[in-house]
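# Take this sequence and fold it.
(2 chains)
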Protein chains: 2
Amino acid sequence: MLIRREDGAGGKYMAEFLKKHIISRFGDNRLGEISLADMDDSSDFDGYVFTTDSYVVSPPIFRGGSIGSLAVCGTANDLAVMGAKPYAMSLALIIQEGFKVSDFEKIMNDVERWVKELDVKLITGDTKVVSANVEIIANTSGIGIRNSALDHNISVVKEYRDYPYNWVRDCGLREGDAIIVSGCVADHAVAIMLSREFDFDIDVQSDVYPVWLFVKEALEVGGITAMKDPTRGGLANALNELAEKSGVGIYIEEERIPIREEVKGFCEVLGLDPLSMANEGKVVMGVVEDMAEDVLKALHKAGQKYAEIIGYATSEFEEVVVETEIGTKKVLPPPTADPIPRVC
Amino acid sequence: MLIRREDGAGGKYMAEFLKKHIISRFGDNRLGEISLADMDDSSDFDGYVFTTDSYVVSPPIFRGGSIGSLAVCGTANDLAVMGAKPYAMSLALIIQEGFKVSDFEKIMNDVERWVKELDVKLITGDTKVVSANVEIIANTSGIGIRNSALDHNISVVKEYRDYPYNWVRDCGLREGDAIIVSGCVADHAVAIMLSREFDFDIDVQSDVYPVWLFVKEALEVGGITAMKDPTRGGLANALNELAEKSGVGIYIEEERIPIREEVKGFCEVLGLDPLSMANEGKVVMGVVEDMAEDVLKALHKAGQKYAEIIGYATSEFEEVVVETEIGTKKVLPPPTADPIPRVC
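Just a heads-up that it's a prediction; the model follows:
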């Protein structure tokens, strides 16, 4: 039996692969409330959260960013969706022999830009050079810390119901919670495709961005019960994970999902579903109903002008159900894998 | 200008590359006493140490271990040489499409074995599948914690002199300290070469091993002033780093360096210097002179039967000087790069 592309592509097949080969061995490993088996965006220890991600995006420099921006923002985002402030980071690089030093410098410029913007400390690293045709691969691991915005958020949630978690968890969604997405979906995956060979005359940039910069504003309002960043597998994957882990259904109104016209058009032409395509600067969150409008306003004020309430959690069914723009209802299944390889 | 193999091969060229492209940007990043510019084996924050390493070894399964053993032991060793107990770990895998699942399982068996042996918790991970000819690449980041053995060690050192560090640092060596190596050198690199195409009829296994299991015994005796694990660039690189960072010279008696006869023979035939070749389960340490015999005994008792005092630190010169077996003296320069690519 051989490893298949879909074993590492986000989505349903990867989840099955991980359960069989990794979670079966280490699932019970935990130092706090979150074990590896929880497969949340980070795990916790002693009041910190810890996460890791490798980036294999091709091309490594693309419209709106580079593997350097992804490496910092992507890992910081996995901390931020726990409600944690990004604190410490590692950077491990694997560079193909013959890679241009000028391109390497562009990538490091992006690393430096976002490290400074986030005020995260890059304190440890590793560099290897190989002859394999990898261009450049980056791994970052991140450590996030508790902070007053997170504490405030959880205290607000607790005014409404029992919330037995110390972090914002992807299993925290309950019936009636509003579902908010922080901006237009699918920009990243489309920008990567456009940075390859496609000859489309449209201007789409990757949305790569450190979500902590606006998530902290939303936490300071409070009431966020669950959060994920919809990367590989896109919004469809994030919503299905939230629903499955929380044991609720999610009802979404398609016309409320923010998406750029040119992205929608590009996906229609190629037969791609924008809801399954990767984002790198967005969050999807559950918010207690009473607080949803206030959280939405905070997101708008923090620059996320396309943030929108796109639906709500329900106990009437267990799937993610989308009401289409023409009024029909359909189940939005978890993608089997991200449709685009090497997108992040 | 293009990235060269030696830019990521350990040794002098890599140090120059990192200073120019990474340390120049992030060198001042620190959360505790150790900054990225210190280029120690780990950096610290809030009473923890943090490190990262990517493993690109080829073949991924070799005599005496696999990339799975390296990924756990190698990163744990970078924590252990700070005097830290390995505590939490991440595992990020990049697997080539078509890699045999049975080989993947062998690798995961090794990960599981050493995770359990060390009682470290593997709490976060990532998996990507790519088509590039990488076989399998692993990154582990590790978090180590303070512990009573470390505290005892530092208190013993302070009985002899000022030691302004909270961790065992690679800059902590001072005139008169004994230099101890914990066992036979160069086994790992030779085992990797033998696992490739060489048709030598000798039995050498990789020494891959989590050094914490014996380092803690040495710390409990106390008096260790500096420590490194001699991986890429071997003993020669580790000794030169200790000397340079500590601002002392090191005098070594060649005949005291433990090395297997078959490893010595293999290296002689191929014209390789065993002192520049990688180890994956050894430490080299400086110890206050009065404590050196006791630390050595503790290492022997902890199973490191070839551990030996190989020399001492001196202020008479600034280099690493080796007295050869025939009585001549030569400077042992820092290797420009590890002679063998993809050895770890």
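
# Relative to chain B, how far out is residue A:303?
Look at residue A:303 and chain B: by CB to the nearest CB, to the nearest Å, they are 26 Å apart. To be clear about C-beta, it is placed using only N, CA and C from the backbone, and glycine gets the same treatment.

# Looks to me like that residue is in a strand.
No - using DSSP: H, G, I helix; E, B strand; the rest coil, the assignment for residue A:303 is coil, not a strand.

# The stretch 151-300 of chain A: helices as residue ranges?
A:187-194, A:212-221, A:234-246, A:261-270, A:292-301 (DSSP state H, counting those that start in this stretch).

# Tell me which of these sits nearest to residue B:246.
Closest approach to residue B:246 among the helices of the stretch 151-300 of chain A is made by helix A:212-221 (39.2 Å; CB to CB).

# can you redo the helices of the stretch 151-300 of chain A as TSV with mean pLDDT, distance to residue B:292 and mean neighbour count?
Shown next, in TSV, are the helices of the stretch 151-300 of chain A (pLDDT from 0 to 100; distance: least, CB to CB, whole Å; neighbours: other CB atoms under 10 Å in any protein chain shown):
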stretch	mean pLDDT	distance to residue B:292	mean neighbour count
helix A:187-194	96	57	26
helix A:212-221	98	49	24
helix A:234-246	97	55	25
helix A:261-270	95	67	15
helix A:292-301	98	62	18
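
# Pipe those helices into JSON lines and attach distance to chain B per row.
Shown next, in JSON lines, are the helices of the stretch 151-300 of chain A (distance: least, CB to the nearest CB, whole Å):
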{"stretch": "helix A:187-194", "distance to chain B": "15"}
{"stretch": "helix A:212-221", "distance to chain B": "17"}
{"stretch": "helix A:234-246", "distance to chain B": "15"}
{"stretch": "helix A:261-270", "distance to chain B": "21"}
{"stretch": "helix A:292-301", "distance to chain B": "27"}
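
# With distance to residue B:296 as extra columns, can I get those helices in CSV?
Below are these laid out as CSV (distance: least, CB to CB, whole Å):
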stretch, distance to residue B:296
helix A:187-194, 56
helix A:212-221, 50
helix A:234-246, 53
helix A:261-270, 66
helix A:292-301, 62
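
# For the residue lying farthest from the centre of chain A, which non-adjacent residue is spatially closest?
Most distant from the centre of chain A: residue A:98, at 32.1 Å, with distances by CA atoms, centre = their mean. Excluding its sequence neighbours, the residue lying closest to residue A:98 (CB to CB, 6 or more residues apart in numbering or on different chains) is residue B:2, at 4.9 Å.

# likewise residue A:150?
That would be residue A:83: by CB to CB, 6+ apart, it lies 3.8 Å from residue A:150.

# same check, this time on residue A:73
residue A:210 (4.7 Å).

# again with residue A:145
Per CB to CB, 6+ apart, closest to residue A:145 is residue A:87, 4.5 Å.

# Please apply the same query to residue A:129.
Nearest to residue A:129 is residue B:8, by CB to CB, 6+ apart, at 3.2 Å.

# Report how many residues lie close to the residue nearest to residue A:73.
Other residues near residue A:210 number 24, with proximity taken as other CB atoms under 10 Å in any protein chain shown.

# Hmm, it is touching residue A:77, no?
Yes - taking CB atoms under 8 Å as the definition, residue A:210 is a contact partner of residue A:77 at 6.6 Å.

# Quick check: neighbours shared by the two?
residue A:281 (CB atoms under 8 Å, 6 or more residues apart in numbering or on different chains).

# Alongside chain B, which residues does the stretch 101-250 of chain A contribute?
Taking CB under 8 Å from any CB of the partner chain as the criterion, the stretch 101-250 of chain A approaches chain B at residues A:101-102, A:104-105, A:108, A:111-112, A:115, A:121-134, A:137, A:139, A:141, A:143.

# among these, which ones are buried?
The neighbour-count test (16 or more other CB atoms under 10 Å in any protein chain shown) marks A:101, A:104, A:108, A:111-112, A:115, A:121-130, A:132, A:134, A:137, A:139, A:141, A:143 as buried among those.

# From the residues you listed, which land in strands?
Using DSSP state E, the members of these that fall in strands are A:121-130, A:137, A:139, A:141, A:143.

# which element is the residue nearest to residue A:145 on?
strand A:85-96 (DSSP states H and E).

# and that strand with helix A:212-221, angle?
160 degrees (axes from the mean of the first three to the mean of the last three CA atoms, to 10 degrees).

# and strand A:85-96, which residues are buried?
By neighbour count on 16+ other CB under 10 Å, the buried set for strand A:85-96 is A:85, A:86, A:87, A:88, A:89, A:90, A:91, A:92, A:93, A:94, A:95, A:96.

# Chain B: which of those residues is nearest?
residue A:90 (3.6 Å; CB to the nearest CB).
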